[in-house]
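Q: Give me a model of this one.
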Amino acid sequence: MNSAIVESFAQMVREKNVDKDVLAGIIEEIFGVMVKKKYGQEANFDVIANMDKGDIEIFLERTIVDEVEDPETEISIAEVEKKGNEEELEVGDDYVEKLELSSFGRRLINLARQNLNQRIREIEKELVYNEYSEMVGEIIVGDIYQVRRNDILVNHNRHELLLPRSEQIPRERYRKGDTIRAVIKEVKQTPNGPVIIISRSDNLFLRKLFEIEIPEIYDGIIEIKRIAREPSERAKIAVESQDPRIDAVGACVGMKGVRIHAIVRELNNENIDVINYSDDPIVLIQRSLAPAKLKQIELDETEKRCNVLADSDQVSLIVGRNGVNIRLAMKLTGYEIDVIREEKPYEE
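A: Here you go, the predicted structure:
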């Protein structure tokens, strides 16, 4: 019976990836509770779980007395004789008895099994929480196994990850069975276990894609300084090279745009503008509004506002479709941008 119980517990170790020593400690604790229920809270005992041999041994130690006053810690010499006093123990000696699991009855054994299952589930939740907490900010590849109204469930290494609607790329279509890439954004601890939130719309996802596709960024030669993004529409990313021999924008775009196109495809054809970063806010504003040509930039660094003067035919380029270009420029630079239109003189 002992080996069957330990084998069932060992199977949990293999399935749940629980450390054997941790499991042995839990078994000892749970069977210790069983001993206390049967023999009393003051009982002196040892539980030894050998996971390799598949055995659980329980030893109960009591003091031999003439008349028992405390049955939890004492045993009469008469009872010791009945059990076969092979070591010829006397009154005052300690009597160590090996308890058989069958002596606890089926009800206590089943209770121990239920308690162990509960503890295993708690440990598994803790392991999952710790594993994915360390992976926050990393990109994972999983399989979509359920598409729901407000979120998508993704299978990753037999664990459930959640892609909420707010973290999805708008207008992107998801189908059951599709392989999907996303960044682990957050891991929440809840009463029902950890909830692992992944994202495709977060700026961090774009940053990590650049690190994967562009070795110079991964190696630290090129640094991503700022990112502004409206998922499915457009993104602006400011980069700076730590090596004067390397063109940051050129390295990010790649030969014939091969590097940037790989990222664009992953983001459902989201347009990406890569610009050179500058500590000078006027230069950064000018670059972030390209390809529009600006005539003048008036800056208020205290209020973080700026007025941009441009010819009327450049305003549409500055603002962009549905205002996305100027909104991203404001996010990237941190300045509120007002556009002042200057009409060109009429030429006869």
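
Q: where's the residue nearest the centre of the chain, which helix or strand?
A: In the chain, the C-alpha nearest the mean C-alpha coordinate belongs to Tyr132, at 2.9 Å (CA atoms, centre = their mean). Secondary structure assigned from DSSP states H and E places Tyr132 in helix 105-133.

Q: counting contacts, what elements does that helix pack onto?
A: The helices and strands touching helix 105-133, judged by 3 or more CB pairs under 8 Å, 6 or more residues apart in numbering; DSSP states H and E, are helix 2-16, helix 20-39, strand 179-190, strand 193-199. (Glycine included, C-beta is placed from N, CA and C.)

Q: quick one: the third one to helix 105-133, angle?
A: What it means is strand 179-190. Computed by axes from the mean of the first three to the mean of the last three CA atoms, to 10 degrees, the angle separating strand 179-190 from helix 105-133 equals 120 degrees.

Q: Run me through the strand neighbours of strand 179-190, direction for each.
A: strand 139-147 (antiparallel), strand 193-199 (antiparallel) (DSSP bridges).

Q: any idea which of the ones you listed is most buried?
A: strand 193-199 (a mean of 20; mean count of other CB atoms under 10 Å).

Q: who touches the next helix or strand after that strand?
A: The element immediately downstream of strand 193-199 (helix or strand, assigned by DSSP H and E) is helix 203-213. With CB atoms under 8 Å, 6 or more residues apart in numbering as the test, helix 203-213 has contacts from 137-139, 182-183, 185, 199, 217-218, 224, 227-229, 235, 237, 252, 259, 262-263, 266-267, 272.

Q: Pull out the buried positions in helix 203-213.
A: Asn203, Leu204, Phe205, Leu206, Arg207, Lys208, Leu209, Phe210, Glu213 (16 or more other CB atoms under 10 Å).

Q: how about low-confidence regions in the stretch 151-300 of the chain?
A: For the stretch 151-300 of the chain, not a single residue meets the criterion pLDDT under 70.

Q: and what of the stretch 1-150 of the chain?
A: Residue ranges of the stretch 1-150 of the chain with pLDDT under 70: 1-18, 51-54, 102.

Q: Outline the domain layout of the protein.
A: Domain assignment for the chain by automatic domain parsing gives 2-132, 143-198, 202-277, 289-348.
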